[in-house]
Structure formats: C-alpha cells, structure tokens
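[1] Got a sequence here, can you build the structure:
(one chain, ligands or ions: 1)
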Amino acid sequence: MPELPEVEVTRRSFAQAIEGARVLRVFLGKPLRWPLGCELDTLVGRVVVSVRRRGKYLLLDLDQGLVLLHLGMSGSLRFMPAELPPGPHDHFDLVTTAGVLRLNDPRRFGAVVYAASEQAPTACKLLGRLGMEPLSDDFCWSDFQAGLRGSRASVKQVLMAGRLVVGVGNIYASEALFLAGIRPTTSAARIGAVRARRLYEAIRQVMARAVERGGSTLRNFSSADGSVGHFQSEAHVYGREGVPCHTCGTLVRMVRQGQRSSYFCPRCQRT
Ligand SMILES: [Zn+2]
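    This is a model prediction of the structure:
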C-alpha cells in the first residue's frame, strides 16, 4: 500500500512538470472508490496551478476547484509526455498541454474526486479529520505532546490512527518508537515530556528519511506487493523479529497490536 512517503515522492515526480498546464481531455475508466463528483467537462480547460499533498491525498489545485487523488491500496500515478492507449487497470487520465497524468489501480480502492473548493463538503469529508503533517512546519510540538497526554490508547496505536499526526504507518511508527526508546505498547498518556520530545524528533527524522529513500515500497509500487523497499532495508526493528538489535544485540521481539505487528527491542525500549 502506498504510504505517505511514496505519495510525497510521487508528488515531487510530476508537480513541477504539470504546473501551469491546461487540461485538454479527461478519461475515466472503471469506477474507483468514489465518483468523480462532476461532469468531465468541468475539468476541461482548467489550468493546474499547483500540486500539494495532505496526508495520503494529492491535491491538484486548478484555477477553479481542485482534484483530490488517493492511491488506495494499489494505485500508482505516472506522468507521460504523450497519450498511450489505456491498459486494463488504467482508470483515470488527465490529458494536459504538458503531458498525461495517469492513474493505474488494479484493485480500484483509489479515488479521484473533484471539489469546488477545499471548504466544499466533499473535500472536508476527506481531509477534515486528518492530523498534523509530520514533514511540515505545522507539526507542532506542544499539540503533539498534548495529543499524547490526552489519549488512553497505546502510543503505537495513537501514532497509526492518523488523528494526531498523519502518515506514520506501521514501519515508520515502529522505527520512530525504537529511535525514541519507547515500547510500542506503552500508554500514550504515560509518556513524559522528555520522551515525548524524543518521539516527536524521531517521527520527523524517520519520515524525512523515508521520503529521501523513496519510500518503503516504491520499488514495487505498481505491483503493490509491499515487499522490501529502500527504507525497509535499513530498518532497526521493523520486520526483524528474532534478529539481534543493531544497538545492543538483544533479539528483536514482535507483538500484535490491533491486528498489526509491532516490533521492538526489549532492552532499548524497556517502557
Ligand atoms: Zn536494542
């Protein structure tokens, strides 16, 4: 599944190329997760002003309205200089004066949704409950600390829920908690200021590094089999059950938390 770093890497791969381009034509294939929410004609003639990201959504700002794109479980975007006939899993083309933005999505959990503005109900429904952006200046330390303090769930589950901070998926949560020396099962509310600060810094570090490395699964982005990627190959604990910790040599352990595997070093992450 494409995680936030992959979505950010995708954004950077075409944002500059498409900015300023005018939409010539739109192709819609089989239905995606949600309907487009406008006639195709609404998009034709519009200019792509910028490409932003919010959580795992890409926001194509047009000179009127915006398009929200989500890659779902298996989606990938390509920006091609010229139009090629769509394959069986190509379900959306935005044909512009600069090239063609194409969504390939075999499982069709992805989405392309038009909204008249970011304040429109469709956009609010999708973006309104997202937590802070870990890679932006909006990632506020005091809000983060307050969010942990006010939560009774385990710290790993709080991170992964996406309400406090977005995009900290399983691998990133596991790695950030390792760097901060915090056990994944620890109650978020019981983490003191010093440790919370370490975790905050670790999240920034892990997410930035993941983007730098092109995400965890990008190599297999289109096949979406989620196997070893660039970031994962340098993981300290994630996927390393029974293997010695890089720091202390203790065997890494795995526990199940809310259907997900959590990995930790019992010595480096005592509590
Ligand atoms: Zn260790």
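[2] Nearest residue to the residue in the stretch 101-250 of the chain that the ion sits nearest to in space, please, no chain neighbours.
    In the stretch 101-250 of the chain, the residue found nearest to the ion is C245; the distance is 3.0 Å by C-beta to the ion. All C-beta spots, glycine's among them, are computed from the backbone N, C-alpha and C. Distances taken as C-beta to C-beta, 6 or more residues apart in numbering put C265 closest to C245, at 4.0 Å, once the chain neighbours are dropped.
[3] Next up, the contacts around that neighbour.
    Going by C-beta atoms under 8 Å, 6 or more residues apart in numbering, C265 touches F178, H236, V237, C245, T247, C248, T250, V252, R253.
[4] what does the longest helix that the chain contains contact?
    In the chain, with assignment by DSSP state H, the single longest helix is helix 193-212. With C-beta under 8 Å, 6+ apart as the test, helix 193-212 has contacts from 3-5, 8-9, 134-135, 139, 141, 144-145, 148, 155, 159, 165, 167-168, 172, 175-177, 179-182, 191, 216, 231.
[5] Check what pLDDT the closest residue to S151 other than its chain neighbours gets.
    In this structure, S151 finds its nearest non-sequential neighbour in A188, 4.2 Å apart by C-beta to C-beta, 6+ apart. Note on A188: pLDDT of 98.
[6] Quick one: neighbours of A188, just the number.
    For A188, the neighbour count with other C-beta atoms under 10 Å is 22.
[7] for it, what are its contacts?
    With C-beta under 8 Å, 6+ apart, A188 has these contacts: G147, L148, R149, S151, R152, A153, S154, V155, V158.
[8] List the contacts of the last one.
    For V158, the contact set (C-beta under 8 Å, 6+ apart) comprises G147, L148, S151, L164, A188.
[9] So which of these belong to helices?
    Using DSSP H, these in helices are G147, L148.
[10] Identify, from the contacts of V158, the entry nearest to L103.
    Of all the contacts of V158, L103 sits closest to L164, with 29.4 Å by C-beta to C-beta.
[11] quick one, what contacts the nearest residue to that closest one once chain neighbours are set aside?
    Distances taken as C-beta to C-beta, 6+ apart put G147 closest to L164, at 4.0 Å, once the chain neighbours are dropped. By C-beta under 8 Å, 6+ apart, the contact set of G147 is G131, V158, R163, L164, V165, A188.
[12] what are the pairing partners of whichever strand or helix holds R102, and which direction each?
    Assigned by DSSP states H and E, R102 belongs to strand 100-104. Counting by DSSP bridges, the strands paired with strand 100-104 are strand 76-80 (antiparallel), strand 90-96 (antiparallel).
[13] Quick check: residues of this structure near the ion?
    For the chain, the contact set with the ion under C-beta under 5 Å from the ion comprises C245, T247, C248, T250, C265, R267, C268.
[14] sorry, back to before: the residue of the stretch 101-250 of the chain closest to the ion: neighbour count?
    20.
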